[in-house]
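Chemist: only the shape, not the letters, is given here:
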């Protein structure tokens, strides 16, 4: 049985679907470890800003799947994932102020997010209705 996603035209670098689950499992370990290191640190400058950005980031992150897969709003999902990328880059910068390790653990997540943005943009570009 094919799904809506299976029928979309995709960029040439799109990995097989099974890769996504493996990558996310590893990234979740890195993310959770990074958050634990950050929140267990004795000193956290800019904590209010960091928590605000984390809330925005994870809200956008949870919304992306619904926008893309459930509502099939590829362009809206693209704007959402750009918010995810920007907030994550700022979060990493703020984490560097507290722990280099916590920040470095988020770099693979940022790389994957930027790759996902490329895929989202490519799917939008390749599947736009003819104008």
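Modeler: Here it is on my side, so go on. Fair warning: this is a prediction, and the values are worked out from it, not measured in the lab.
Chemist: which ones are touching the residue nearest the centre of the chain?
Modeler: Nearest residue to the geometric centre of the chain (Cα atoms, centre = their mean): residue 113, 4.1 Å. By Cβ atoms under 8 Å, 6 or more residues apart in numbering, the residues touching residue 113 are 81, 84, 85, 88. C-betas here are computed from N, CA, C, even on glycine.
Chemist: which of these sits closest to residue 20?
Modeler: Lowest distance from residue 20 to these (Cβ to Cβ) belongs to residue 81, with 14.1 Å.
Chemist: how close does the closest one get to residue 108?
Modeler: The gap separating residue 81 from residue 108 is 16 Å, by Cβ to Cβ, to the nearest Å.
Chemist: the two: which has the busier surroundings?
Modeler: In this view residue 81 and residue 108 are compared by other Cβ atoms under 10 Å, and residue 81 has more residues nearby, 24 against 14.
Chemist: correct me if wrong: that one contacts residue 120.
Modeler: Yes. Taking contacts as Cβ atoms under 8 Å, residue 81 lies within contact range of residue 120: 5.3 Å.
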